[in-house]
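> using only what follows, build the 3D model:
(one chain, ligands or ions: 1)
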Amino acid sequence: MRVPLALEERMLAPVSRLVPAVRRADWVREWQAEFWQLRHAAERDPGRSRKGAGRNGLCEALSLSYGLIADAVWLRMDWLQLSARGSAAGCLVVLAAYCLLCAGVELVVAGSWRAFERVIWGHLSGGFVFVAVPGLIAALATYPLRPLRCDERDAKLFSARVRWNLFLAVKMALTLALGFLFPMVACLPLRAAIGARADWVELLLWLGMVSLGLRWALLNQEQRCQRCLRMMKQPTRLGLASRNFLEWSGTELACADGHGLLQVAEMTGSWCWYDLWVKLDGSYREIFTA
Ligand SMILES: [Zn+2]
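Next up is the predicted model:
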């Protein structure tokens, strides 16, 4: 006797759209095997047949449907989490979230939008601008950016060069915003205790946050793939330090999507003052993604 598992089997195709494409076929096969097992177990033991089970049969169908959806949603969330890790969007979202959190605390303490606007403008023009502008000029002038070799225009809206520069600009802007807002929030208890003298502590914190933040933003950019802007992975040691005279030694990092390799020399000199980007063609993609 064939026991129908209509509800969950009908749901399999639409729910499978939730599963990431790379895992969808395996996921569907696994659930089809599960349904086959259930159907044949019921055939071997007619006492467990759904037709005879009535309300229990409906509960079992609903339970299976819930399991089906929960499994697909978990796989999608896990995939989103893995995709966001090390990605450019993930980096910007984290920075923006911290900025919003600090701004929210400042807004609650200020009590109204008008007071909040007054406090922000007062601190911005009263001290932060005199720290941020020299800090930005010094960071860009003293750090030699790696020349960008990748300038491909794929299906995306902007070329790799535009995406690279846009991401760097937004990341530095958010880093500056966080460097401005976090010291303000950190100095709130101090301001309540000693009043305007807390301005000096705030100034020192701005100096530290802006210097370290901009340095981090530039170093972080150098560790990213020039095409997809993800953080490079799989560090591999190359060369021997004792043979530096005619060769180089250092670390090689790879893009997880196989777009290229980043070779970072252990000792930089006039002959090699920046990291080398080695572009890979599409045939390497399967090796890295596997
Ligand atoms: Zn890449």
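> close to the ion: what parts of the chain are there?
225, 227-228, 255, 257, 259 (CB under 5 Å from the ion). Heads up, the C-betas are built off the backbone N, CA and C, glycines and all.
> can I get those in JSON lines including pLDDT?
Listed next are these as JSON lines, based on pLDDT from 0 to 100:
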{"residue": "225", "pLDDT": "88"}
{"residue": "227", "pLDDT": "85"}
{"residue": "228", "pLDDT": "87"}
{"residue": "255", "pLDDT": "88"}
{"residue": "257", "pLDDT": "80"}
{"residue": "259", "pLDDT": "85"}
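> for PyMOL, what selects the buried ones among those residues?
The buried subset of the residues of the chain next to the ion, as determined by 16 or more other CB atoms under 10 Å, is captured in PyMOL by this line:
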select buried, resi 225+227+228+255+259
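> so which residues of the chain form strands?
Residue ranges of the strands in the chain, as given by DSSP state E, are 233-238, 250-254, 260-265, 276-279.
> now render those as JSON lines, adding distance to residue 90.
Below are the strands of the chain laid out as JSON lines (distance: least, CB to CB, whole Å):
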{"stretch": "strand 233-238", "distance to residue 90": "14"}
{"stretch": "strand 250-254", "distance to residue 90": "18"}
{"stretch": "strand 260-265", "distance to residue 90": "19"}
{"stretch": "strand 276-279", "distance to residue 90": "22"}
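> so which of the ones you listed gets nearest residue 23?
strand 233-238 (20.5 Å; CB to CB).
> list the contacts for the residue nearest in space to the middle of the chain?
The residue lying closest to the centre of the chain (CA atoms, centre = their mean) is residue 90, at 2.6 Å. Counting by CB atoms under 8 Å, 6 or more residues apart in numbering, residue 90 touches residue 84.
> brilliant, that's me finished.
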